[in-house]
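Trainee: have a look at this fold, sequence not included:
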């Protein structure tokens, strides 16, 4: 018996060994150079290794292994049958890689098997770029994704639109998920302009960004997907030896443009002429100026450049380090970074510290665990609203004849026509946001059967915002005794997701399925307190205030419970079908409609796999696809359907009053979307591309409906609007030149969308100084008002268009009409990458055609001398004598000659911009290996270096954000973007 047992022990390893086989070989680049750190994996297992510095590999795999997968960042993943002494040549990955893995909702797919419309941007496309937020990396690179930077203020919110605008009063931003965890992407700050909570995320941590554009891809997120879905995947450790990487970027920035204003001589000329022509005069302009400003500066020798004083030369200092690696069982990545960016506007700065740990471990062949943990801290020295006198850009309104400094005291001059807000840079004055953020998760994956897996993922997105503001006694709002304000807000989203995935390969059919349940709990709470009257400006905290002048607290919460399922089918390698459905229940929904059902369907036909095309030399790939799906917008507020009550004090006695009347039938906004697309590849996929047509029909838009005020309420929120978007997206990419020494890859994309409101109770007309309106049959935010016709050549009167098309010099007699469209005609980008041996040159041109801009600040700074605000230099082209043809009426002080709201300040917002350019050099490995270094890259990179536009304001890419979302493309003393140049060094050990 004992001998038999020993015999079994001897024979068993031989049997086990006989069930394995050896795989070995060498991996090279397209040019034949050995590639190190290539991941070599037996597909369908956790057995793998990585190549050494000579590109060599060797491993033992199970006898039944059919495919070996070779992957390396920057190269197309390759699958080959196993063998010994293999020679494997990887091809460079471009936009034309059909084998690329694409992240979809709760899973991944191979690009060639997609039946939906998804845009992908990888880290390699924006590495070494001096971007402050990852959203900027999408501009010009993702078809169908339109991004407006908002302004040049650091940490400011961006406007992201995926396939147009699908809401009026609810959220218009895409739903954002990071490593499976939904995140807060709406402003938290109490300021009138939104901050960007996503600015706390390190762009260097990101591996890829996928934008789910059509409803079939985004419907897996149901009630939150009408505006598109953005999936962000962070970098992870790769199997292979431990790699240490360091990166350092240092650079400089300045405004893309500074508008030109009158100097002292031009200022006196214009306003003297205005006083001479005034119906109230002529009068002594020097005396009038003194009466208006309280100063005698009219005859001074000052020539102050107030417009330039708002800006400064900024800088960029970025440092990143990472440690990554692992083996077949454990992979890890630890990274950290520091980013110190000084803005181009005085007083603006962004200081960030990042940390991340991504880890996954195979306990055995059944259990896999992992975690992604990020910890980030941001200090944002913010600026005030564009509409505030403390906005530095509003310094351009100050007359150049007034001094910046008081000659008597040497301090900044307080005796100016408007507030000299440079005073807020003195002493202890501050407007600081401290933000602490983590987006983290942990998961367990269990292989229940060879084809069946269960995964549970628990994640949290937690953000703490601490706002502090102190204004000393010399400031406008802090006078006379100082003012301080402190707020603290906490926003958290806890998500637990449990999914089953199943796949099976049958004769001529590949099937995979997904089912899951997800629960989400979101909470927001905050407190604030303010005080005034401080002993001196050296005491800045609330505890030192003699008067606690205010305080408040708030708390709110919402929940989602969701069920979802999806099935993917591939028949005969050419017929594709995807079915999905999601049910969302939410505390936000009304009592009578607590759940929403969101189905989707998509199909594809890989025509190039048919017999009549399979052997074509010209057509390498051709796929026709179509999709339909229903999505929703649940960002409707937590209690929009409820009747609400608030406390109200009277004579120091607490009471309760109704603050909102509810609608028990209120529903989320719903979007039906149809998409038809064609993916193509020519000449062995050296030329590839895709074209899509989409139609989105959004129903039950939320709007406030007027009520008779006799019941104590003036409005009630109801589903009363519909809107549609339709458009075309086109992308083409090519390997223009491919050789051992020189390569040229290019990619061009262009997109359009046409927006139209199809149902409203009544038009929403422009108010105050704004021009945007909503009307059935017209686009969202259309400009509507008086049409300005320029100056009357005979007498210099401002002329406006009447209803019959004739002109009048009486603004009140002119007719309101359509005067512009802030939506773009088309937009896109053109990327070119040139590689010569170790030298790389990447160039991105971004463009927008159309998208009119209403320069609302023109009501004050371009009104031909009606106020004493300094004027833009074009106002010197004013009407002077009969016969003059000009768009600038005769200056007439206080007469309002052409100063009323009109199309006078609407301009074409088209532009083409050199968005990004990077020149880099990779030191050859033959040189580096002598000092035990893997790679060294030296680069110089620029952003927004050149802009071609006819827009006369600061920047065509900005839009003030203190106004409502309806008021698209309104520019009001909004600072331009930064033009940045950095020099950097990356080292890998």
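Mentor: Yes, it's here. The structure displayed is predicted, hence computed values, not measured ones. Numbering: from 1, shown residues only.
Trainee: residue 383 contacts residue 344, correct?
Mentor: No - the pair residue 383 / residue 344 is not scored as a contact, 11.1 Å apart, by C-beta atoms under 8 Å. Where C-beta positions appear, they are placed from N, C-alpha and C, glycine not excepted.
Trainee: neighbour count winner among those two?
Mentor: Shown here are residue 383 and residue 344; by other C-beta atoms under 10 Å, residue 383 has more neighbours (29 against 24).
Trainee: list the contacts of that one.
Mentor: By C-beta atoms under 8 Å, 6 or more residues apart in numbering, residue 383 lies in contact with 153, 345, 347, 348, 391, 392, 431, 975.
Trainee: do that again at 7 Å, thanks
Mentor: Applying C-beta atoms under 7 Å, 6 or more residues apart in numbering to residue 383 gives the contacts 153, 345, 347, 348, 391, 392.
Trainee: neighbour-wise, give me the winner out of the residues you listed.
Mentor: In terms of neighbours by other C-beta under 10 Å, the contacts of residue 383 top out with residue 153 at 28 neighbours.
Trainee: disregarding flanking residues, what is the spatial nearest neighbour of that residue?
Mentor: Of all residues not flanking residue 153 in the chain, residue 383 sits nearest, at 5.3 Å (C-beta to C-beta, 6 or more residues apart in numbering).
Trainee: adding secondary structure, pLDDT and distance to residue 99, write the contacts of residue 383 out as CSV.
Mentor: Shown next, in CSV, are the contacts of residue 383 (DSSP: H, G, I helix; E, B strand; the rest coil; pLDDT from 0 to 100; distance: C-beta to C-beta, whole Å):
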residue, secondary structure, pLDDT, distance to residue 99
153, coil, 93, 42
345, strand, 96, 46
347, coil, 95, 50
348, coil, 95, 44
391, coil, 95, 51
392, helix, 96, 51
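Trainee: with those residues in mind, which one is nearest to residue 262?
Mentor: The nearest member of the contacts of residue 383 to residue 262, counting by C-beta to C-beta, is residue 392 at 18.9 Å.
Trainee: so what's the backbone phi/psi at the nearest residue to the closest one once chain neighbours are set aside?
Mentor: With sequence-adjacent residues excluded and distances taken as C-beta to C-beta, 6+ apart, residue 392 is closest to residue 310, at 3.8 Å. When read as degrees, to the nearest 10, the backbone of residue 310 gives phi -80, psi -10.
Trainee: for residue 310, give me its contacts.
Mentor: Residue 310 makes contacts with 345, 346, 392, 393, 395, 396, as judged by C-beta under 7 Å, 6+ apart.
Trainee: quick check: it vs residue 256, distance?
Mentor: 14 Å (C-beta to C-beta, to the nearest Å).
Trainee: and the helices in the stretch 601-750 of the chain?
Mentor: 611-614 (DSSP state H, counting those that start in this stretch).
Trainee: the stretch 151-300 of the chain too?
Mentor: Using DSSP H, counting those that start in this stretch, helices in the stretch 151-300 of the chain cover 215-218, 264-277, 285-293.
Trainee: residue 638 is nearest to which of the ones you listed?
Mentor: helix 215-218 (22.8 Å).
Trainee: what about the spatially most central residue of the chain, is that helix, strand or coil?
Mentor: Nearest to the mean C-alpha position of the chain, counting by C-alpha atoms, centre = their mean, stands residue 135 at 3.4 Å. Under the three-state scheme (DSSP: H, G, I helix; E, B strand; the rest coil), residue 135 adopts helix.
Trainee: close enough to count as contact, it and residue 149?
Mentor: No - counting by C-beta atoms under 7 Å, residue 135 sits too far from residue 149 to count as a contact (8.9 Å).
Trainee: overlap in contacts of these two?
Mentor: Taking C-beta under 7 Å, 6+ apart as the criterion, residue 135 and residue 149 both touch residue 158.
Trainee: from residue 787, how far off is residue 901?
Mentor: For residue 901 relative to residue 787 (C-beta to C-beta), the value is 12 Å.
Trainee: how about the host helix or strand of residue 373: buried residues?
Mentor: Residue 373 belongs to strand 367-381 when assigned by DSSP states H and E. Neighbour counts over strand 367-381 (16 or more other C-beta atoms under 10 Å) mark 368, 370, 371, 372, 374, 375, 376, 378, 379, 380, 381 as buried.
Trainee: what sits closest to the second one if chain neighbours are left out?
Mentor: When the adjacent residues along the chain are set aside, residue 370 lies closest to residue 360, with 3.3 Å between them (C-beta to C-beta, 6+ apart).
Trainee: that neighbour pairs with what?
Mentor: Residue 360 has these beta-bridge partners by DSSP bridges: residue 331, residue 370.
Trainee: for residue 834, which non-adjacent residue is spatially closest?
Mentor: Counting by C-beta to C-beta, 6+ apart, the residue nearest residue 834 is residue 841, at 4.4 Å.
Trainee: name every strand pairing with whichever strand or helix holds that neighbour and say which way it goes.
Mentor: Secondary structure assigned from DSSP H and E places residue 841 in strand 839-850. If you go by DSSP bridges, strand 839-850 pairs up with strand 824-836 (antiparallel), strand 911-922 (antiparallel).
Trainee: show me where the stretch 301-450 of the chain has its helices.
Mentor: Going by DSSP H, counting those that start in this stretch, the stretch 301-450 of the chain shows helices at 306-309.
Trainee: residue boundaries of the strands in it?
Mentor: 314-326, 330-342, 349-362, 367-381, 430-449 (DSSP state E, counting those that start in this stretch).
Trainee: distance to residue 749 for the ones you listed - can I get that in a markdown table?
Mentor: Formatted as a markdown table, those follow (distance: least, C-beta to C-beta, whole Å):
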| stretch | distance to residue 749 |
| --- | --- |
| strand 314-326 | 28 |
| strand 330-342 | 29 |
| strand 349-362 | 30 |
| strand 367-381 | 31 |
| strand 430-449 | 29 |
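Trainee: and those strands as JSON lines, adding mean pLDDT?
Mentor: Output for the strands of the stretch 301-450 of the chain, formatted as JSON lines (pLDDT from 0 to 100):
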{"stretch": "strand 314-326", "mean pLDDT": "95"}
{"stretch": "strand 330-342", "mean pLDDT": "95"}
{"stretch": "strand 349-362", "mean pLDDT": "95"}
{"stretch": "strand 367-381", "mean pLDDT": "95"}
{"stretch": "strand 430-449", "mean pLDDT": "95"}
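Trainee: nearest to residue 942, out of those strands?
Mentor: Using C-beta to C-beta, the nearest of the strands of the stretch 301-450 of the chain to residue 942 is strand 314-326, at 11.2 Å.
Trainee: on that earlier part again, of the strands paired with strand 839-850, which is nearest residue 541?
Mentor: Closest to residue 541 of those is strand 911-922 (C-beta to C-beta; 42.8 Å).
Trainee: in the closest one, what's buried?
Mentor: So for strand 911-922, counting by 16+ other C-beta under 10 Å, buried means 911, 912, 913, 914, 915, 916, 917, 918, 919, 920, 922.
Trainee: need the contact list for the first one.
Mentor: With contacts defined as C-beta under 7 Å, 6+ apart, residue 911 is in contact with 847, 848, 947, 948, 949, 951, 956, 957.
Trainee: do the same with the last one
Mentor: Contacts for residue 922 (C-beta under 7 Å, 6+ apart) come out as 838, 935, 937.
Trainee: with the second one instead?
Mentor: With contact taken as C-beta under 7 Å, 6+ apart, residue 912 is in contact with 845, 847, 948.
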